[in-house]
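Enquirer: I'll drop the sequence and a predicted model, then ask my questions.
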Amino acid sequence: MLVVVNYHYIRTSFDYPHDGIHGITPEQFETQLKTLAAAGTYIDSAALQAQVHGERPLPAKSLLVTLDDGFREHYETAWQILKRLGIPAIFYVNTQPAVEGIVSRVHKIHLLRAHVAPREFVAILTAKSAARGIPLVLDDRFAAEVAVQYRYDAPDVAKLKYLLNLGLEPSLRDRLLDELFEEVFPGAERKISDKLYMTREQMKDLSDAGALGNHSHEHLPLGLIPPEAAREQLRKAADCLQAWTGRRPFTFSYPYGSRAATSSAVGAIAAESGYDFGFTMERAANREFNEPVHLARFDTNDVPGGKAAKFSLEELFSKTPSRSWYGHAA
């Protein structure tokens, strides 16, 4: 059985004007890693690859650490803690920021929410959208999906984030975000990007350690774009990573990780493209390894040591649900 725990922001301070960036401190990260170590055995990407290929089974109670989005703090802070503790991990990176010096739009949303009051944020985007003749409607059509995807946000903000990330027409969304981001952070996008994301040299170091994976080029919801566009997102990122590190990634994680963003069609594309395994954000354990391009994982908050842990340490390998979005539940 494999329990995977995923992380995003890991930094010493979240002291922003508004509540827009959620994460944990390095101290909390280290404490949780040590806590979980008492329940199982940490594995690396090679061990999971061997399991998927039927070459070598995993330990009965296996743990895996993953980190999404390729933040510089992952390398400069989290990786250093992991190495000191002797714990392996997989870092999933987007390549567009390192190619173009931009901030991914999902992170523009985070930064804007951290610096603009929520009501003002909603009002500005609603007005900008309406000015283009496209009302931004925040209704309950996506209530179930919103509740899962943005469980730690206030309801109105969660709906807005869902529409921006997954429900709003992409070209309109991009124009709105880019326009507002430039208003709030005039002329600073390149500087912010350089500070926010890993360098190519840092990616190579992780790749040399067998700890680097593909998170697509632009951080788009792959299951909600045309299949060939999704294929191109994976290919473009893989080409960049191979050029920068000398190795082509064999594992990936889906941006956003929701059921809608992790379709069977995209899974088939990933398998055809040579990926051995990939991760959704279905909050579940992996008791079987059929259809390995749709493995499940928990958020840091969901497991012991997290803000909203659903299981005790003793229950982590006995009472966690089995993945059911894809493959077969035990």
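Expert: That came through, no problem. Numbering: from 1, shown residues only.
Enquirer: drop to CA atoms for contacts and neighbour counts, all remaining ones
Expert: Noted.
Enquirer: Do you have the strands of the chain handy? List them.
Expert: 2-7, 9-10, 23-24, 41-42, 62-68, 90-93, 212-214, 251-253, 277-279, 298-299 (DSSP state E).
Enquirer: Packed most tightly, which of those strands would that be?
Expert: Among those, ranked by average contacts under mean count of other Cα atoms under 10 Å, first place goes to strand 212-214 (a mean of 30).
Enquirer: Determine the set of other helices and strands touching that strand.
Expert: strand 90-93, helix 227-245, strand 251-253 (3 or more Cα pairs under 8 Å, 6 or more residues apart in numbering; DSSP states H and E).
Enquirer: give me that answer again for 6 Å
Expert: Packing contacts for strand 212-214, counted by 3 or more Cα pairs under 6 Å, 6 or more residues apart in numbering; DSSP states H and E, involve strand 90-93, strand 251-253.
Enquirer: Tabulate the strands of the chain (TSV), appending distance to I102 and mean pLDDT.
Expert: Formatted as TSV, the strands of the chain follow (distance: least, Cα to Cα, whole Å; pLDDT from 0 to 100):
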stretch	distance to I102	mean pLDDT
strand 2-7	22	98
strand 9-10	18	98
strand 23-24	22	96
strand 41-42	34	98
strand 62-68	17	98
strand 90-93	14	98
strand 212-214	18	98
strand 251-253	21	98
strand 277-279	25	98
strand 298-299	26	98
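Enquirer: Out of the ones you listed, the one nearest E232 is which?
Expert: strand 212-214 (12.4 Å; Cα to Cα).
Enquirer: Distance from that closest one to the middle of the chain?
Expert: 12 Å (Cα atoms, centre = their mean, to the nearest Å).
Enquirer: Begin at 92 from now on, thanks
Expert: New numbering, starting at 92: the last item is strand 303-305.
Enquirer: where are the low-confidence patches of this structure?
Expert: Counting by pLDDT under 70, the chain has low-confidence residues at 228-233, 243, 254, 256-259, 419-421.
Enquirer: returning to what we had before: let me have the helices and strands packed on strand 303-305 in JSON lines, extended by distance to A138.
Expert: What follows is the helices and strands packed on strand 303-305, written out as JSON lines (distance: least, Cα to Cα, whole Å):
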{"stretch": "strand 181-184", "distance to A138": "12"}
{"stretch": "strand 342-344", "distance to A138": "12"}
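Enquirer: sorry, back to before: I'd like the strands of the chain as CSV, with distance to A376 appended.
Expert: As requested, these are arranged in CSV below (distance: least, Cα to Cα, whole Å):
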stretch, distance to A376
strand 93-98, 5
strand 100-101, 23
strand 114-115, 22
strand 132-133, 14
strand 153-159, 10
strand 181-184, 17
strand 303-305, 20
strand 342-344, 16
strand 368-370, 11
strand 389-390, 8
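Enquirer: What residue, apart from its backbone neighbours, is nearest the residue positioned nearest the centre of the chain spatially?
Expert: Closest to where the C-alpha atoms of the chain average out (Cα atoms, centre = their mean) is D159, at 4.0 Å. Spatial nearest neighbour of D159, excluding adjacent residues (Cα to Cα, 6 or more residues apart in numbering): Y183 at 4.8 Å.
Enquirer: tell me the contacts of G192?
Expert: R281, S284 (Cα atoms under 6 Å, 6 or more residues apart in numbering).
Enquirer: What of P312?
Expert: So P312 contacts P346, A352 (Cα under 6 Å, 6+ apart).
Enquirer: if I look at it, how far off is L271?
Expert: Distance of P312 to L271, computed by Cα to Cα, to the nearest Å: 22 Å.
Enquirer: re earlier: out of the strands of the chain, the one nearest N377 is which?
Expert: strand 93-98 (5.0 Å).
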